[in-house]
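# sequence first, predicted model second:
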Amino acid sequence: MINKIVRDMAEAMQGIADGSTVLVGGFGSVGQPDALIEGLIEQGATDLTVVANNAGTGRVGLAKLMELGRVRKIICSFPRSAGSVVFEELYKAGKLELEIVPQGTLAERMRAAGAGVPAFYTPTGYGTLLTEGKPTAEFNGTPCVLEHALPGDVALIQAHHADRWGNLTYRRSGRNFNPVMAMASKLTIAQVDEVEPLGTLDPEAVVTPGIFVGRVIRVPLAAG
Amino acid sequence: MSETSFTPLSRKDMARRVAQDIPEGWYVNLGIGIPTMVADFVPLEREVVFHSENGVLGMGPAPGPDDADPWLINAGKQQVTLRRGGAYVHHADSFAMIRGGHLDLCVLGAFQVAENGDIANWATSVNDTAPAVGGAMDLAVGAKRLWVVMEHTTKDGGPRLVESCSYPLTAMQAVRRIYTNLAVIDVTPRGFEVVEMAPGLGFEALQARTGAKLHMAREAA
């Protein structure tokens, strides 16, 4: 019997190695797997490369992971926001490598990784600081830059409902990067609001099929 | 010519002016700031479908106190609503809509626009301590047309419409039209063409506030 539902956070985090590339879902705080980030903090892996749209806020979650010195490099599209104090401190002190990627290129690099495409050309970012030194080519008169796939060792994602096969549904704009990151990683760990019996999720409504998911942990929504 | 007789548009009026030019049926992405306000001036009965980078197609206005939903936000991370007919997609599909040329229009704010259509809107200097680009580079290149809405000059009166951008570029030769508090200006093969000016503003006064040569568009002459 396939059962991807894990019993506790320690089992969910088992085996995440130092030096891993960790893809973290969410757009701002919506669809962000807060409990899994806490679990990773507890688990102890370090020297991480974190891929996330934003670089955390306040001193909790991703910001706490960075403040503890566990993140070597962050790859994101929009690190600076109201409350991204830890990121800015570490970045100014030279203690954090930063790779800024246009948001669509970030999503597409992970989609490519999930689809077995090692690299692709795109016009986004051509002629800007963010693509300096990258190979270029022209297609149908449009100048493009070469971008490489961005695979993860681990993806930490948030979803709405799951079953024991790892099929996932999402909640409104909480979907965002989560399905793409699930495809792009060797191991995808999903934090979900509810686990349903196999066969009760509407197959038409499953956004991430279980083939992309390794472990599922139920984290009921906080009351209120 | 009097320098005090004209009335610059307010931020709201700039948004209202942009909204006038968006026809029914267009799929449109609005950037953060004044562009976001444009949606407030497109009446719901004129069916324009607003797209948000974080996977919302058919975005509606801000929620009332009873229908606020923390799971439904826009790219500026403000709570929004979904219109009837709207849909949710994941980030790669959302940016496929952008990068695949499916959006009819994107409206962005900017620091500078050059007379060849170059746009600079994500960083104010090469040594910006913590740059953040978001989806601006994808939008500027990917939408079928890019309009910019911004103040005509900087806070200290310097031009934002320039011969070439001094700030880091977001995209090359991308802008089609610029709406400012002083004018509507098209980017054409011969440079900036003035389509209309704020009430009471003369061409020479507008030129004095612009860092590149202005041409009069035929229909506005």
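Now that the structure is in, tell me what you want to look at.
# can you pull out the low-pLDDT segments for chain B?
B:1-4, B:126-129, B:219-221 (pLDDT under 70).
# then chain A?
In chain A (pLDDT under 70), the answer is A:223-224.
# which parts of it are strands?
Under the criterion DSSP state E, chain A contains strands at A:21-24, A:48-51, A:71-76, A:97-100, A:119-122, A:136-139, A:142-148, A:152-162, A:185-195, A:215-218.
# turn those into JSON lines, including mean neighbour count.
No exception for glycine: its C-beta is placed from N, CA and C like everyone else's. Compiled in JSON lines, the strands of chain A are given as follows (neighbours: other C-beta atoms under 10 Å in any protein chain shown):
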{"stretch": "strand A:21-24", "mean neighbour count": "26"}
{"stretch": "strand A:48-51", "mean neighbour count": "24"}
{"stretch": "strand A:71-76", "mean neighbour count": "21"}
{"stretch": "strand A:97-100", "mean neighbour count": "16"}
{"stretch": "strand A:119-122", "mean neighbour count": "17"}
{"stretch": "strand A:136-139", "mean neighbour count": "11"}
{"stretch": "strand A:142-148", "mean neighbour count": "17"}
{"stretch": "strand A:152-162", "mean neighbour count": "26"}
{"stretch": "strand A:185-195", "mean neighbour count": "22"}
{"stretch": "strand A:215-218", "mean neighbour count": "20"}
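# out of these, which is closest to chain B?
strand A:97-100 (5.6 Å; C-beta to the nearest C-beta).
# neighbouring strands - and their directions - for that closest one?
strand A:71-76 (parallel) (DSSP bridges).
# hmm, who's touching the partner strand?
Outside strand A:71-76, the residues that touch it by C-beta atoms under 8 Å, 6 or more residues apart in numbering or on different chains are A:47-55, A:65-66, A:87, A:96-101, A:106, A:150.
# again with stretch A:81-91
Residues contacting stretch A:81-91 (C-beta under 8 Å, 6+ apart): A:28, A:54-59, A:63-64, A:66-67, A:74, A:79-80, A:96, A:98, B:129-130, B:132.
# please redo it, this time with the cut-off set to 10 Å
Residues from elsewhere that reach stretch A:81-91 (C-beta atoms under 10 Å, 6 or more residues apart in numbering or on different chains): A:28, A:54-69, A:71, A:74, A:76, A:78-80, A:95-98, B:77, B:129-130, B:132, B:134.
# tell me if I'm right that residue A:112 and residue A:121 touch.
No: Residue A:112 is not in contact with residue A:121 according to C-beta atoms under 10 Å; the separation is 11.2 Å.
# who touches both of the two?
By C-beta under 10 Å, 6+ apart, the residues touching both residue A:112 and residue A:121 are residue A:147.
# returning to that earlier point: now a ChimeraX select for only the buried ones of the contacts of stretch A:81-91.
Selection of buried members from these for ChimeraX, criterion 16 or more other C-beta atoms under 10 Å in any protein chain shown:
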select /A:28,54,55,56,57,61,62,63,64,65,66,67,71,74,76,78,79,80,96 /B:77,130,132,134
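# just the contacts of stretch A:81-91: which are in helices?
A:62, A:63, A:64, A:65, A:66, A:67 (DSSP state H).
# once you drop chain neighbours, what's closest to the second one?
Right, residue A:63. residue A:56 (3.5 Å; C-beta to C-beta, 6 or more residues apart in numbering or on different chains).
# now the one you found: how far from residue A:194?
Relative to residue A:194, residue A:56 is positioned 27 Å away (C-beta to C-beta, to the nearest Å).
# residue B:139 now?
35 Å.
# same check, this time on residue A:34
Residue A:34 is 16 Å from residue A:194, by C-beta to C-beta.
# try residue B:207
63 Å.
# now residue B:119
From residue B:119 to residue A:194 the distance is 45 Å (C-beta to C-beta).
# so which residues of chain B form helices?
Using DSSP H, helices in chain B cover B:11-20, B:34-38, B:91-99, B:136-142, B:203-208.
# wait, does the lengthiest helix in chain A contact chain B?
Among the segments of chain A that qualify as a helix by DSSP H, the longest is helix A:103-115. Yes: judged by C-beta under 10 Å from any C-beta of the partner chain, helix A:103-115 comes into contact with chain B at A:103, A:104, A:105, A:106, A:107, A:108, A:109, A:110, A:111, A:112, A:114, A:115.
# can you flag the buried ones in those?
Applying 16+ other C-beta under 10 Å to the residues of helix A:103-115 next to chain B, the neighbour count classes A:103, A:104, A:105, A:106, A:107, A:108, A:109, A:110, A:111, A:112, A:114 as buried.
# would you format those as a markdown table with distance to residue A:160 included?
Below are those laid out as a markdown table (distance: C-beta to C-beta, whole Å):
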| residue | distance to residue A:160 |
| --- | --- |
| A:103 | 23 |
| A:104 | 25 |
| A:105 | 27 |
| A:106 | 23 |
| A:107 | 20 |
| A:108 | 25 |
| A:109 | 26 |
| A:110 | 21 |
| A:111 | 21 |
| A:112 | 26 |
| A:114 | 20 |
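# which one of these is nearest residue B:35?
Set against residue B:35, the nearest of these by C-beta to C-beta is residue A:103 (16.1 Å).
# so the closest one sits right up against residue B:142, yeah?
No: under the criterion of C-beta under 10 Å, residue A:103 is not in contact with residue B:142, lying 11.2 Å apart.
# overlap in contacts, those two.
A:124, B:95, B:98, B:135.
# which one of these is nearest residue A:201?
residue B:95 (26.5 Å).
# identify the residue nearest that closest one in space, chain neighbours excluded?
residue A:104 is the one closest to residue B:95 (C-beta to C-beta, 6+ apart), at 3.3 Å.
# measure that neighbour to residue B:104 for me?
17 Å.
# likewise residue B:51?
Counting by C-beta to C-beta - residue B:51 and residue B:104 are separated by 10 Å.
# pull up the gap between the residue nearest to residue A:158 when sequence neighbours are not counted and chain B, please.
Among residues not flanking residue A:158 along the chain, residue A:33 sits closest, at 4.2 Å (C-beta to C-beta, 6+ apart). Look at residue A:33 and chain B: by C-beta to the nearest C-beta, to the nearest Å, they are 14 Å apart.
# all set now, cheers.
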